[in-house]
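Chemist: kindly generate the corresponding structure for this input.
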Amino acid sequence: MKINTAIESFDEPLYLESGRILESFELAYETYGELNEDKSNAIVVFHALTGSHHVAGRYEGDRKAGWWDPMVGDNKPIDTTKFFVICVNVLGSCFGSTGPMSGKNPLRLKFPVITISDMVASQMKLFGRLGIKKAYAVIGASMGGMQALCVSIEYPKFTDRVIMLASTYATQAWAIAFNRLAMEGIIRDERFKNGEYEKGDFKEEGLYGFAIGRMAGHISFLSPASMDRKFGRNYVATDGLYELFGRFEVERYMQYNGYSFAKRFDPLSYLYIIKAMNIFDATRNYDSLAHSLAHIESKMTLISFKEDKLFRPREMEEIRDTLVDIGKGDLVEYVCIDSDYGHDAFLVEYEKFDFYVKRAL
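Modeler: Have a look, this model is predicted:
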């Protein structure tokens with residue numbers, strides 16, 4: 001599988017949904033496979049909140065492959081012997097695209113609020129520059145699914161196939177509440193310094209408040225059943241049962257994930273991206289969900305997971321039901337995967353849903 005990583009610079013304005021303007025910006029992206037002569041075999045994969053453009057394969061020295069490696073590659077469900085796959089790091093992120101800590105003089109909290117529509121608009125500029133006028137398909141899970149839905153509504157001619165997994169048409173109160181915990185943890189931590197910290201301040205020791213907020217968020221990615229199955233009531237073997245700060249295995253797991261994440265992800269980027277997710281609402285610029293979805297022309301494959309507590313199946317069902325109600329039922333296929341893993345099932349239980357992705361392609 002041929003892998004190419006690049007950063008594209010745009011010395012042109014990007015007009016944001018807020019009314020503000022980015023005078024110039026950069027987008028990091030990665031591609032897999034070969035673009036055919038008429039550039040008709042491109043599949044766009046949109047990444048989730050904590051993901052990046054590194055979807056598959058390994059960089060030299062990496063212990064882990066890209067975040068969706070079981071799904072993307074030669075002879076895999078998204079087959080790079082047939083398709084040219086591209087994933088772009090979203091605006092606001094900390095993995096190469098323009099964000100609040102970019103450049104020699106970062107804008108920090110003066111960076112404008114970015115929406116999902118803004119992320120997609122910037123990517124459409126990149127696709128145009130690469131000569132991709134129409135994608136074979138677009139695919140996204142969680143925040144990536146928001147971007148995929150945005151494409152289907154705002155750029156209905158761009159593709160004939162849209163695959164959304166574990167996502168929603170508008171972020172609901174439960175998810176916003178978990179995001180608030182992370183936000184509070186970051187901004188109340190003294191080391192955050194109201195965004196005036198230095199680059200690299202948290203590489204050795206992650207921002208503590210960020211780590212705690214991330215632990216809370218991580219709970220929402222799983223389900224009670226998957227936690228019971230994974231950890232049960234197992235106690236850390238080296239911790240005393242009657243030590244006040246002795247830990248169960250699930251506690252150690254939460255600490256490890258919280259603090260390791262806070263070392264590698266920029267806290268300002270996290271604030272900006274969860275803001276984009278919180279305010280995502282596909283009906284905001286329309287009279288109703290029906291009015292919004294009426295713009296869709298592509299075949300929609302909607303995949304939810306039974307015990308997803310973050311973006312519940314009924315949120316995807318509402319998209320399906322609305323499309324049926326407005327006479328577009330022939331465009332939509334909805335599948336609820338029988339999984340008790342939780343929201344992160346799209347990153348784990350590939351064997352339960354890869355068939356539906358292959359069929360949609």
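
Chemist: looks to me like Asn194 is in a helix.
Modeler: Yes: judged by DSSP: H, G, I helix; E, B strand; the rest coil, Asn194 forms part of a helix.

Chemist: just the pLDDT for it.
Modeler: Note on Asn194: pLDDT of 96.

Chemist: tell me the pLDDT at Thr5?
Modeler: Note on Thr5: pLDDT of 96.

Chemist: should've said Tyr59
Modeler: With respect to pLDDT, Tyr59 has a value of 86.

Chemist: where along the protein do the strands fall?
Modeler: 3-10, 14-15, 21-22, 25-32, 42-46, 72-73, 78-79, 84-88, 137-141, 161-165, 299-305, 332-337 (DSSP state E).

Chemist: Ala182: which of the ones you listed is closest?
Modeler: strand 137-141 (19.5 Å; Cβ to Cβ). (Glycine included, C-beta is placed from N, CA and C.)

Chemist: can you tell me which helices and strands that closest one packs against?
Modeler: Other helices and strands packing on strand 137-141, by 3 or more Cβ pairs under 8 Å, 6 or more residues apart in numbering; DSSP states H and E, are strand 42-46, helix 143-154, strand 161-165.

Chemist: paired strands for it, with orientation please.
Modeler: Note on strand 137-141: by DSSP bridges, its sheet partners are strand 42-46 (parallel), strand 161-165 (parallel).

Chemist: how distant is that strand from the center of its chain?
Modeler: 11 Å (Cα atoms, centre = their mean, to the nearest Å).

Chemist: do stretch 109-125 as well
Modeler: The answer for stretch 109-125 is 14 Å, by Cα atoms, centre = their mean.

Chemist: which residues in the stretch 201-350 of the chain form helices?
Modeler: Remark: helices assigned in the stretch 201-350 of the chain by DSSP state H, counting those that start in this stretch are 208-221, 224-231, 249-264, 267-278, 289-293, 313-325, 350-360.

Chemist: could you list the domains of the chain?
Modeler: 3-171+280-360, 175-276 (automatic domain parsing).

Chemist: got the end-to-end distance for the first one?
Modeler: End-to-end distance for domain 3-171+280-360: 24 Å, by Cα to Cα, to the nearest Å.

Chemist: ok, the last one next?
Modeler: For domain 175-276, the separation between the terminal residues is 12 Å (Cα to Cα).

Chemist: before we move on, the earlier item: could the domains of the chain go into CSV alongside mean neighbour count?
Modeler: Compiled in CSV, these are given as follows (neighbours: other Cβ atoms under 10 Å):
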stretch, mean neighbour count
domain 3-171+280-360, 19
domain 175-276, 17
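
Chemist: quick one, which of the helices of the stretch 201-350 of the chain is nearest to Met164?
Modeler: Among the helices of the stretch 201-350 of the chain, helix 313-325 sits nearest to Met164 (Cβ to Cβ), with 7.1 Å.

Chemist: list the helices and strands the closest one packs on?
Modeler: If you count contacts as 3+ Cβ pairs under 8 Å, 6+ apart, helix 313-325 packs onto helix 289-293, strand 299-305, strand 332-337.

Chemist: in a markdown table: the helices and strands packed on strand 137-141, plus mean pLDDT and distance to Asp201.
Modeler: Shown next, in a markdown table, are the helices and strands packed on strand 137-141 (pLDDT from 0 to 100; distance: least, Cβ to Cβ, whole Å):
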| stretch | mean pLDDT | distance to Asp201 |
| --- | --- | --- |
| strand 42-46 | 98 | 30 |
| helix 143-154 | 98 | 26 |
| strand 161-165 | 98 | 35 |
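
Chemist: just put these in JSON lines and tack on distance to Tyr235.
Modeler: Output for the helices and strands packed on strand 137-141, formatted as JSON lines (distance: least, Cβ to Cβ, whole Å):
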{"stretch": "strand 42-46", "distance to Tyr235": "40"}
{"stretch": "helix 143-154", "distance to Tyr235": "35"}
{"stretch": "strand 161-165", "distance to Tyr235": "35"}
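
Chemist: if we can go back for a sec, make CSV out of the strands paired with strand 137-141 and add distance to Gln255.
Modeler: Below are those laid out as CSV (distance: least, Cβ to Cβ, whole Å):
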stretch, distance to Gln255
strand 42-46, 30
strand 161-165, 29
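
Chemist: His53 is nearest to which of those?
Modeler: Checking the strands paired with strand 137-141 against His53 by Cβ to Cβ gives strand 42-46 as the closest, at 9.1 Å.

Chemist: that closest one to strand 84-88, inter-axis angle?
Modeler: Orientation check (axes from the mean of the first three to the mean of the last three Cα atoms, to 10 degrees): strand 42-46 against strand 84-88 gives 30 degrees.

Chemist: which residues are contacting strand 42-46?
Modeler: The contact list for strand 42-46 (Cβ atoms under 8 Å, 6 or more residues apart in numbering) reads 35, 55, 68, 72, 78, 83-88, 123, 127, 132, 135-140, 143-145, 147-148, 151, 159, 361.

Chemist: picking up where we left off before, could you dump the helices of the stretch 201-350 of the chain into TSV and include distance to Glu184?
Modeler: Output for these, formatted as TSV (distance: least, Cβ to Cβ, whole Å):
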stretch	distance to Glu184
helix 208-221	7
helix 224-231	23
helix 249-264	14
helix 267-278	11
helix 289-293	31
helix 313-325	25
helix 350-360	34
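
Chemist: of all those, which lies closest to Arg108?
Modeler: Of all the helices of the stretch 201-350 of the chain, helix 267-278 comes closest under Cβ to Cβ, at 6.3 Å.
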